[in-house]
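Colleague: Give me the fold of what follows.
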Amino acid sequence: MGFSVFSLAKSLDGVSGFFQVVFLLSLFLVLFKAIQFYLRRQWLVKALQKFPSTPFHWLLGHNLKDQELQQIRKWVEKFPNACLYWLSGNRVRVLLYDPDYVKLILGRSDPKAHRTYHLLAPWIGFGLLLLNGKKWFQHRRMLTPAFHYDILKPYVRVMADSVNIMLDKWEKLGGQDYPLEIFEYISLMTLDTVMKCAFSHQGSVQLEENSRSYVKAVDDLNTLIFLRSRSVFFDFSPIFNMSSDGCLFRRACQIAHEHTDGVIKMRKAQLQNEEELQKVKNKRHLDFLDSLLFAKMEAGDSLSDEELRAEVDTFMFEGHDTTASGISWIFYALATHPEHQQRCREEVQSILGDETSITWEHLDKMSYTTMCIKEALRLYPTVPGVSRELSTPVTFPDGRSLPKGITVTISIYGLHHNPSVWPNPTVFDPYRFAPDSSRHSHAFLPFSGGARNCIGKQFAMNELKVAVALTLLRFELLPDPTRIPVPIARLVLKSKNGIYLRLKKLK
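Modeller: Below you'll find the model as predicted:
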């Protein structure tokens, strides 16, 4: 018995010693991180001392939550050119919203900000959005022919078919007495368009129930990644992975990947048919997915399965979610400005006349409608901001400088609401974009700018025009005064409480 007690006591001493070692190591790690945090903060304060900032919490930063866009408007009015936006921990963004500042950054070749954009990688992989350097240039050059106007021209009819399917559904849902949350319907419509135009999909995903799961997954990923980028606690992957948000993120990624894998698999199967294969080979310009499947890189190699899926995931997201956001906010802007809505409607009616469909040739004639679309995109830019990590120091036109390694965010929302660039920036005024108007080359950037501007911007603009034109021919758009949408910053601009409109069927 004495031997047993002695052994137990010895064992307890061993366990106690182990926990003491663990405690001391943990304490050392905490102290090391605290010192690291302090030194990094001191360096940042010194490096950024010439850029103004409002007061912020030492750990949580400005902690704006869903008030980010409203705060940016205040900063733009208070601080000329740029200011600091402190996130949680030691993460800080230098917000730029002056056209000269923006032009300087977009004219450089700085990479996408790693700590922001790498959070997208488990979802969309390293495609055109996340690639940098030579690899990005190769992929951009490879995909550019897929957006040649010879490819885009026949897409207009496809876009019109998708829009009409959506409008048919709206007609069956009731009318102006039943306000409709429009974003999900528009998102399914833009997904339908992308699937048909870029991925040779047959049928309509708007009529397939499982498409809703993909749209919902993309919406979840949009929110989860944005909120994670603002959280010091979720910056550490093991903590995020163990959280409920981490579980939701993995499930949403799985749904998104299953969708894109199915698209790739289906197109590969279609190309096993000799007639279909020959049809593709005879084309002067290939559709997006066919460009990827037949691509040869400079070394003569085809894209790997991983690279292929990354590009498909990237364009599937960017080609439908950003466009859906744009159309939704344009509809809201027109609903709240009925005089401009009516003038757009009359313009479309005069252009189409007795014709029953819309074509490529009609689009350039919609001058006033295009002005209204651009003004809505100014007020509600689909991508509120883009970030770069400085690879070399930079000096701005006013002499202020930033060192290598600092992250700068081009606040497209701030730029578009800058009163020194756009007088009365909250007022909807399409004449800002009249044919004889003039403005700074980098004052209006709904599709970003520079070498890394949106490769699908013409595709998107065509779809916006088609959607607006056909919708105004069939419905009068009316706002729901009980539910005014509240714009919130996400990867893509969204509304905190949805976008509800009343739809009055025209005779």
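Colleague: just checking, T409 is part of a helix?
Modeller: No: using DSSP: H, G, I helix; E, B strand; the rest coil, the assignment for T409 is strand, not a helix.
Colleague: any idea how far it is from I225?
Modeller: Per CB to CB, to the nearest Å, T409 is found 15 Å from I225. All C-beta atoms are positioned from the backbone trio N, CA, C, and that covers glycine.
Colleague: next one: P479
Modeller: Distance from P479 to I225, by CB to CB: 30 Å.
Colleague: Confirm F126 sits in a strand?
Modeller: No: with three-state DSSP as the criterion, F126 is located in coil rather than a strand.
Colleague: Apart from its chain neighbours, what residue comes closest to it?
Modeller: Nearest residue to F126, sequence neighbours excluded (CB to CB, 6 or more residues apart in numbering): A310, at 5.4 Å.
Colleague: Contacts only, for the one you found.
Modeller: Contacts for A310 were tallied using CB atoms under 8 Å, 6 or more residues apart in numbering; they are I124, G125, F126, G127, L130.
Colleague: Secondary structure of it: a helix, I assume?
Modeller: Yes: counting by three-state DSSP, A310 is part of a helix.
Colleague: In three-state terms, how would the residue lying closest to A295 once chain neighbours are set aside be classified?
Modeller: The shortest distance from A295 to any non-neighbouring residue, by CB to CB, 6+ apart, is to M142 (5.1 Å). What three-state DSSP gives for M142 is helix.
Colleague: Can you report phi and psi for G449?
Modeller: phi -160, psi 180 (degrees, to the nearest 10).
Colleague: What's the local residue count around it?
Modeller: 21 (other CB atoms under 10 Å).
Colleague: The one 10 residues further on now?
Modeller: The number of residues packed near F459 is 24, by other CB under 10 Å.
Colleague: what helix or strand is it on?
Modeller: helix 457-474 (DSSP states H and E).
Colleague: next one: L477
Modeller: Here L477 sits within strand 475-479, counting by DSSP H and E.
Colleague: For that strand, give the mean pLDDT please.
Modeller: For strand 475-479, mean pLDDT is 96.
Colleague: what's the average pLDDT for the next helix or strand after it?
Modeller: Remark: after strand 475-479, the chain's next helix or strand is strand 487-488, criterion DSSP H and E. Computed over strand 487-488, the mean pLDDT rounds to 98.
Colleague: Begin at 20 from now on, thanks
Modeller: All set: I'll call the first residue 20, so the last point we hit is now strand 506-507.
Colleague: Could you identify the helix or strand that succeeds strand 506-507?
Modeller: Immediately after strand 506-507, counting by DSSP H and E, sits strand 513-514.
Colleague: Need the contact partners of that following strand.
Modeller: If you take CB under 8 Å, 6+ apart as the criterion, strand 513-514 is touched by F202, N241, T242, S344, S347, P504, V505, P506, I507.
Colleague: Could you rerun that using 7 Å?
Modeller: The contact list for strand 513-514, computed with CB atoms under 7 Å, 6 or more residues apart in numbering, reads S344, P504, V505, P506, I507.
Colleague: partner strands of that strand, parallel or antiparallel?
Modeller: Applying DSSP bridges, strand 513-514 is found paired with strand 506-507 (antiparallel).
Colleague: Identify the residues contacting the strand it pairs with?
Modeller: D85, L88, Y399, L512, K513, S514, K515.
Colleague: what's the distance between A236 and T279?
Modeller: The span separating A236 from T279 equals 11 Å under the rule CB to CB.
Colleague: how about the strands in the chain?
Modeller: Taking DSSP state E as the criterion, the chain contains strands spanning 101-105, 111-115, 199-200, 404-408, 413-414, 420-421, 426-430, 494-498, 506-507, 513-514, 519-524.
Colleague: and of the ones you listed, who's closest to F336?
Modeller: Shortest distance between F336 and the strands of the chain, using CB to CB, is found for strand 513-514: 14.0 Å.
Colleague: Off-centre distance for that closest one?
Modeller: Taking CA atoms, centre = their mean, to the nearest Å, one finds strand 513-514 lying 12 Å from the centre of the chain it belongs to.
Colleague: pLDDT (mean, whole number) over that strand?
Modeller: 98.
Colleague: Can you give me the neighbour number for I91?
Modeller: Neighbourhood size, I91 [other CB under 10 Å]: 23.
Colleague: buried set for stretch 61-71?
Modeller: Buried positions in stretch 61-71, judged by neighbour count with 16 or more other CB atoms under 10 Å: L63, A66, L67, F70.
Colleague: count of neighbours near the nearest residue to the second one once chain neighbours are set aside?
Modeller: If you skip the residues right next to it in sequence, A66 has P422 as its closest partner in space, 5.3 Å away by CB to CB, 6+ apart. Neighbouring residues of P422 were enumerated by other CB under 10 Å; the total is 14.
Colleague: surely P422 meets P412?
Modeller: Yes: using CB atoms under 7 Å as the test, P422 is close enough to P412 to be in contact (5.2 Å).
Colleague: follow-up on the earlier one: counting neighbours, which of the contacts of A329 comes out on top?
Modeller: I143 (27 neighbours).
Colleague: so what's the residue lying closest to that residue once chain neighbours are set aside scoring on pLDDT?
Modeller: The shortest distance from I143 to any non-neighbouring residue, by CB to CB, 6+ apart, is to D332 (4.3 Å). With respect to pLDDT, D332 has a value of 96.
Colleague: Grab the most central residue of this protein for me.
Modeller: In the chain, the residue lying closest to the centroid (CA atoms, centre = their mean) is V511, at 3.8 Å.
Colleague: picking up where we left off before, tell me the buried residues in the helix holding F478?
Modeller: Judged by neighbour count (16+ other CB under 10 Å), helix 476-493 contains these buried residues: 478-491, 493.
Colleague: returning to that earlier point: farthest pair in the buried residues of stretch 61-71?
Modeller: Within the buried residues of stretch 61-71, L63 and F70 form the most distant pair, 10.6 Å apart (CB to CB).
Colleague: got any ranges where the stretch 270-419 of the chain has weak pLDDT?
Modeller: Applying pLDDT under 70 to the stretch 270-419 of the chain flags residues 315-320.
Colleague: quick one, helices of it?
Modeller: Per DSSP state H, counting those that start in this stretch, the stretch 270-419 of the chain carries helices over the ranges 293-300, 307-312, 324-354, 357-371, 379-382, 386-398.
Colleague: nearest to D187, of these?
Modeller: Nearest to D187 among those is helix 324-354 (16.7 Å), distances taken as CB to CB.
Colleague: For V113, name its beta-bridge partners.
Modeller: Assigned bridge partners for V113, using DSSP bridges, are L103, V427.
Colleague: That one against L103, yeah?
Modeller: Yes: here V113 reaches L103: they are 6.2 Å apart, a contact under CB under 7 Å.
Colleague: shared neighbours of those two, anything?
Modeller: Common neighbours of V113 and L103 (CB under 7 Å, 6+ apart) are L67, F70.
Colleague: In stretch 134-154, which residues are buried?
Modeller: Buried positions in stretch 134-154, judged by neighbour count with 16+ other CB under 10 Å: 135-136, 138-139, 142-151.
Colleague: Need those residues in CSV (columns: pLDDT and distance to W189).
Modeller: Listed next are the buried residues of stretch 134-154 as CSV, based on pLDDT from 0 to 100; distance: CB to CB, whole Å:
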residue, pLDDT, distance to W189
T135, 79, 37
Y136, 88, 36
L138, 94, 36
L139, 95, 33
W142, 96, 31
I143, 96, 31
G144, 96, 35
F145, 94, 39
G146, 94, 34
L147, 94, 34
L148, 94, 32
L149, 94, 36
L150, 94, 39
N151, 92, 42
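Colleague: Pipe those into TSV and attach distance to F75 per row.
Modeller: Below are the buried residues of stretch 134-154 laid out as TSV (distance: CB to CB, whole Å):
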residue	distance to F75
T135	18
Y136	23
L138	22
L139	26
W142	30
I143	31
G144	34
F145	33
G146	35
L147	34
L148	29
L149	29
L150	33
N151	30
